[in-house]
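Participant: what's the 3D shape of this:
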Amino acid sequence: MNKQSNVYTIIYIIVMVVVVGAALAFTSLGLKSRQQENINADKMKQILASVHITPAKDSVTTDFDRYITRSFIVNSLGDELPGNAFDVNTAEEAKKPVAERQLPVYECTVAPGDVKYIVPVNGAGLWGPIWGYVSINADGSTVYGAYFAHQGETPGLGAEIEKPVFSGQFEGKHMFKNGQFMPVAVVKAGQAPANGEDYVDGISGGTITSKGVGSMIDNCIGAYSKFLENLTENPTR
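Facilitator: Numbers count the residues shown, from 1 in each chain. Below is the predicted model of the structure:
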């Protein structure tokens, strides 16, 4: 075949595309399990971050299994549902009506007799998804810790939600005031919510992201209100 012909060029290109595509597909399939392991490990680290635990790179799974002594799914009535909590797509669940959601709960024993309940939150910031985990004491009201992350918020502004200077404000705040469920609010610095709920200062210059965090907490933790109320009535569960 004439190597200078158009037919040869077209055949050569087709063969190269097929060979390279097959190689990439084979590589992707070969690495899929490892990629999933990395995704799972990152999720485990985020969950543990909400209770101030930072595992070493090679002990993420071990530490997760050590501290997360139980995980389960509840509905909006606080009743347990069948299924694996870790496998629930919380971003998709957050878009559903509250009554239709599967709500994962991670029970963390940070020390003998000291149990925290970790719940995921998902929402939207200025440029993309935001998410995180909030840990709550066994009283069902007091926030023990919080971890937030984002996909593409502005560095130095909305991206500050992932910094401890923001998430640390949630520690010690309460989800119930005077017996009523009132999720922690995110407000502009120097202001206070009119309803008297506990609050934290939003990010200066990151108003939209801050509002996104507030809405995310209302939407997601609000779905757990009955479950948390049950804890306040029976802390030992």
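Participant: what separation do you get for the most centrally placed residue in the chain and G125?
Facilitator: For the chain, G132 is the residue whose C-alpha lies nearest the centre (Cα atoms, centre = their mean; 3.2 Å). Separation of G132 from G125 (Cβ to Cβ, to the nearest Å) stands at 11 Å. Quick note: C-beta positions are derived from backbone N, CA and C, even for glycine.
Participant: which helix or which strand is home to V105?
Facilitator: strand 103-111 (DSSP states H and E).
Participant: send me that strand as CSV with only the CA atoms.
Facilitator: This file holds the C-alpha atoms of strand 103-111, laid out as CSV (Å, rounded to 0.1, in the frame of the first residue of the first chain):
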residue,chain,number,x,y,z
LEU,A,103,-30.1,9.2,55.9
PRO,A,104,-26.7,7.6,56.9
VAL,A,105,-25.5,7.8,60.5
TYR,A,106,-22.0,7.0,61.7
GLU,A,107,-21.7,6.1,65.4
CYS,A,108,-18.2,7.0,66.5
THR,A,109,-16.8,5.9,69.9
VAL,A,110,-13.9,8.3,70.4
ALA,A,111,-13.3,6.9,73.9
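Participant: quickly run through the sheet partners of it, with directions.
Facilitator: Strand 103-111 pairs in its sheet with strand 68-74 (antiparallel), strand 114-124 (antiparallel), by DSSP bridges.
Participant: can you tell me the element the residue nearest to the centre of the chain falls in?
Facilitator: When elements are assigned from DSSP H and E, G132 belongs to strand 129-137.
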